[in-house]
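Chemist: Fold the following.
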Amino acid sequence: MPAKMKKFNAVVLDRELEKTLRFIASLGVAHFIDIQHRSEELDVKLEPVEASDRYYRISNLLTRVTALISDMGVVRGGSTKQPKEVPEAPKDSYLASLEKDLKREEDAFADLTRSLEAAQEADDKSARKKAEKAIKKRASEKRLLYFAWEELLQREHHFEETKTLFGKTKRTYIMAGWVPAKQAKDFKEAVQKHCGKSVALELGDYHEPHHGHGEEEEPVDRPPTKLKNSRFIRSFEILTSAFGMPSHKEIDPSLFMAIGFPIIFGLMFGDIGHGLLLLFFSGLGFLAKKKGVDAGEMVNYFVQGSGMLMVCSVSAIFFGILYGEFLGIDIIHHSVYIGLRSSPFAMVMRGGLLALFRFFDFDGGVNWFIHPESPGSDAYLADHGYGPIWFSAFESPANLPYNVASPTWVLFVLSIIIGFIHLSIAIIMDLVNKVRQREWKHAIFGPGIWLWFFWGLAVLLFTKGINFMEWFSYNDPSGLQPNILGSGIIDALVFLILPLIIMIVGGMLAAGVMEGFMEALEHLIASISNTISYARILALNMAHAGFAKTFLFIGGVAHTEILHIIDDLTTGQLSMMMFIIMLLVGTIFVLFMEGLLSFIHTLRLHWVEAYLKFYAGTGYAFEPLSVPSKWTVII
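Modeler: This is a model prediction of the structure:
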């Protein structure tokens, strides 16, 4: 859950405003809001604070500095061990001096630009290179100065902008905002100790106003959201905040994303070699992020998400081991993999999936692991000396026993099972949200009954199959579709019809006839369509393996099994150069194209299929007033 917030109101003597505001900024814990949104709590008439001339002057200087940095192509990022010393509260004379220096830099750049343009018009390559070199040299020499100016002006601009959120009387300024509850007491004590009687500050708790179902108060009337996650989970916050910031009363879905995203991505993109390459490149991006390197707008998306991609690449390697795939090559016959196939790790992973299939009564999947004629069984390993830890969906062995599911079907069913589990967690989170908001009727007749219906659907689907007529049969003479509660009619009534009726009637009572009926209908359709959508796990897995193997075939590979490739290369039946070229081309294509597709579809399963069940994302970020100190130090 997001951090709890306390609201604060403060009255500051006009002569102490600058000192007080800068001290509060140094604490870095106060998020200011427009005082007009607290006007009902204050029994005093307030005048708005208009933007000052200083504000417009600083805005103009900041725009010019930013433009100079951009026009000169100054490389952003990095840090400095010698920040520029700047005053805590720059006076007008300091700004005048800065403006004079800025004008000098602008004129110098203009002179260099004119030299470059003249060289280009004269088609003088030597002069053009000299001018370009001069511009780059000046940009390199002055970058720390420019960044210091920019940081100082951004800070002052933020201060002046914050003042416009206040109200004023004849002799005082009134301010309001939010502070994290855990830091509220220390915040109040620090302000009172530093500012003395010139400031009167009071803290208060936030009380949720009463709204009808689906009604929302204005975002500014609600506390801001400060997420509190571990470093690992924070790398996935970027995906959550891109959908929308959680409100103060919503469950933060970052943990849900941090667990589900790598697993689903790994199932789609499972390959040891591709995972290792993705880990290498995301590792480089992570180092660039740590050093603050500005790699350009497009590459920066990759750099900022590099921590998350490193986790996803490890997942791809993990599932690549389970599949027995390396750059599209089957490695289950290699001695290293055969040794791994008999390891405790393999036993645990096989046992876990076997238990999952037994829980869902998936006999075809169970038999894949235990039938002696199945390539996935230990008996097959003992007889043939090789076998996958799990399976490769792209490789479907011939002449499988009738009661053993093919690897493709196994992954399809596993995808549907993951869909049931993933969506169930989303529905449970919706239930928790509604209970926390005391929406009891909507919690019971919404996600509560929906969960009953959803898992009833799962029970009937996995115990009786996709022949829907069997769901309603009295008896099954073959015994292959056993009734759970003694009769197919009773099964269908308890697991399907009864929860659907309660969901419809209860929804009508809780939200009105039309809204309740449409919500129940939406749940019914989503239970089927959203679950089937998880079949894209199989589709992306097949596409990934298919593209990788296709490039190998173009390179002359007759069989993608690793020992065959080694023999063909040794005997000269396969051209080493052609093999390497197509392996590189295929790897680059798969890494970028299939990696991007797997990422997009994994994100879709979270945003569309799961998040829409429980998450509104209508909050706004906690942004405390602070003093940046990357390029400057206050003296």
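
Chemist: Check the gap between residue 568 and residue 326 for me.
Modeler: For residue 568, the distance to residue 326 equals 17 Å [Cβ to Cβ, to the nearest Å]. To be clear about C-beta, it is placed using only N, CA and C from the backbone, and glycine gets the same treatment.

Chemist: Give me the more crowded residue out of those two.
Modeler: Just comparing residue 568 and residue 326: by other Cβ atoms under 10 Å the higher neighbour count belongs to residue 326, 21 against 18.

Chemist: Might one say that residue 153 is in contact with residue 65?
Modeler: Yes - here residue 153 reaches residue 65: they are 6.2 Å apart, a contact under Cβ atoms under 8 Å.

Chemist: mind listing what the nearest residue to residue 184 once chain neighbours are set aside touches?
Modeler: Closest residue to residue 184 apart from its sequence neighbours, by Cβ to Cβ, 6 or more residues apart in numbering: residue 6 at 4.2 Å. The neighbourhood of residue 6, defined by Cβ atoms under 8 Å, 6 or more residues apart in numbering, consists of 178-181, 184, 203-206.

Chemist: Now list the buried members of these.
Modeler: Buried members of these, counted by 16 or more other Cβ atoms under 10 Å: 178-180, 184, 206.

Chemist: tell me which of those residues is nearest to residue 377?
Modeler: Here the nearest of the buried ones among the contacts of residue 6 to residue 377, counting by Cβ to Cβ, is residue 180; it sits at 55.9 Å.

Chemist: Tell me, how many residues neighbour the closest residue to the closest one other than its chain neighbours?
Modeler: Distance criterion Cβ to Cβ, 6+ apart; nearest residue to residue 180, sequence neighbours excluded, is residue 3 at 5.1 Å. Here the count is done by other Cβ under 10 Å, and residue 3 has 17 residues near it.

Chemist: Is residue 3 part of a helix or strand, or is it coil?
Modeler: When the structure is split into helix, strand and coil by DSSP: H, G, I helix; E, B strand; the rest coil, residue 3 lands in coil.

Chemist: Can you identify the element that follows the one helix or strand in the chain whose mean pLDDT sits lowest toward the C-terminus?
Modeler: For the chain, the helix or strand with the lowest mean confidence is helix 468-471, at a mean of 65 (criterion: mean pLDDT, DSSP states H and E). Tracing the chain past helix 468-471, the next element assigned as helix or strand by DSSP states H and E is helix 488-492.

Chemist: Mind listing what's buried along the next helix or strand after that following helix?
Modeler: Next helix or strand after helix 488-492 toward the C-terminus (DSSP H and E): helix 498-511. The neighbour-count check on helix 498-511 (16+ other Cβ under 10 Å) flags 499-500, 502-504, 506-508, 510-511 as buried.

Chemist: circling back: and the residue nearest to residue 184, what element?
Modeler: Element membership for residue 6 (DSSP H and E) is strand 5-13.

Chemist: Can you point out the buried residues in that strand?
Modeler: If you call a residue buried by 16+ other Cβ under 10 Å, then strand 5-13 has these buried ones: 5-13.

Chemist: Just give me the closest of the residues you listed to residue 347.
Modeler: residue 5 (49.0 Å).

Chemist: so who does the closest one touch?
Modeler: For residue 5, the contacting residues are 178-181, 206, 223-224, 226, 248, 622, taking Cβ under 8 Å, 6+ apart as the criterion.

Chemist: cool, residue 273 as well?
Modeler: Contacts of residue 273 by Cβ under 8 Å, 6+ apart are 320, 325-329, 587.

Chemist: Kindly recompute the last result at 6 Å.
Modeler: 326-327 (Cβ atoms under 6 Å, 6 or more residues apart in numbering).

Chemist: Tell me the spacing between it and residue 590.
Modeler: Between residue 273 and residue 590 the computed distance is 10 Å (Cβ to Cβ).

Chemist: Also residue 140?
Modeler: Distance, residue 140 to residue 590, using Cβ to Cβ: 39 Å.

Chemist: still on that earlier bit, secondary structure, distance to residue 632 and pLDDT for the contacts of residue 5 - can I get that in TSV?
Modeler: Formatted as TSV, these follow (DSSP: H, G, I helix; E, B strand; the rest coil; distance: Cβ to Cβ, whole Å; pLDDT from 0 to 100):
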residue	secondary structure	distance to residue 632	pLDDT
178	strand	27	95
179	strand	25	95
180	strand	26	94
181	helix	32	93
206	coil	35	83
223	coil	31	91
224	coil	26	93
226	coil	26	91
248	coil	34	84
622	coil	24	93
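
Chemist: where along this structure do the strands fall?
Modeler: Taking DSSP state E to define them, one finds strands in the chain at 5-13, 31-33, 47-48, 84-86, 167-168, 172-180, 199-205, 325-326, 329-330, 632-634.

Chemist: among the ones you listed, which is nearest residue 459?
Modeler: Closest approach to residue 459 among the strands of the chain is made by strand 325-326 (33.9 Å; Cβ to Cβ).

Chemist: Can you list the strands that that closest one pairs with?
Modeler: Using DSSP bridges, strand 325-326 pairs in its sheet with strand 329-330 (antiparallel).

Chemist: ok now do the residue positioned nearest the centre of the chain, which residues does it touch?
Modeler: The residue lying closest to the centre of the chain (Cα atoms, centre = their mean) is residue 239, at 2.2 Å. Under the criterion of Cβ under 6 Å, 6+ apart, the neighbours of residue 239 are residue 257.

Chemist: what's the burial count for the residue lying closest to residue 575 once chain neighbours are set aside?
Modeler: Residue nearest to residue 575 in three dimensions, not counting chain neighbours: residue 556, with 5.8 Å by Cβ to Cβ, 6+ apart. Number of residues near residue 556 (other Cβ under 10 Å) recorded here: 16.

Chemist: For residue 441, see how far away residue 556 is.
Modeler: Looking at residue 556 against residue 441, where the rule is Cβ to Cβ, the gap reads 67 Å.

Chemist: I'd assumed residue 181 was in contact with the residue nearest to residue 180.
Modeler: No - contact criterion Cβ atoms under 6 Å: residue 3 and residue 181 do not qualify, at 7.1 Å.

Chemist: that older thread, would you list the buried residues of helix 498-511 in CSV and tack on distance to residue 286 and pLDDT?
Modeler: Formatted as CSV, the entries for the buried residues of helix 498-511 read as follows, by distance: Cβ to Cβ, whole Å; pLDDT from 0 to 100:
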residue, distance to residue 286, pLDDT
499, 47, 88
500, 49, 88
502, 50, 89
503, 46, 87
504, 50, 87
506, 49, 85
507, 47, 81
508, 52, 84
510, 48, 76
511, 47, 76
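
Chemist: ok, back up a step: quick check: the two most widely separated of the buried residues of strand 5-13?
Modeler: Between any two of those (Cβ to Cβ), the greatest distance is 26.5 Å, for 5 and 13.

Chemist: which residues does residue 150 contact?
Modeler: residue 65 are the contacts of residue 150 under Cβ under 6 Å, 6+ apart.

Chemist: Give me the pLDDT for it.
Modeler: Model confidence at residue 150, expressed as pLDDT, equals 96.

Chemist: and if you look at residue 473?
Modeler: According to the prediction, residue 473 has pLDDT 62.

Chemist: State the number of residues packed around the spatially closest residue to residue 569 that is not a sequence neighbour.
Modeler: Taking Cβ to Cβ, 6+ apart as the measure, residue 569 lies nearest to residue 576, with 5.9 Å between them; neighbours along the chain are not counted. Other residues within reach of residue 576 by the criterion other Cβ under 10 Å amount to 12.

Chemist: One more: residue 547?
Modeler: Neighbour count for residue 547, taken as other Cβ under 10 Å: 17.

Chemist: Pretty sure it sits against residue 590.
Modeler: Yes - under the contact definition of Cβ under 6 Å, residue 547 touches residue 590, with a separation of 5.3 Å.

Chemist: Nearest spatial neighbour of residue 533, chain-adjacent residues omitted?
Modeler: Using Cβ to Cβ, 6+ apart and skipping the chain neighbours, the partner closest in space to residue 533 is residue 609 (5.5 Å).
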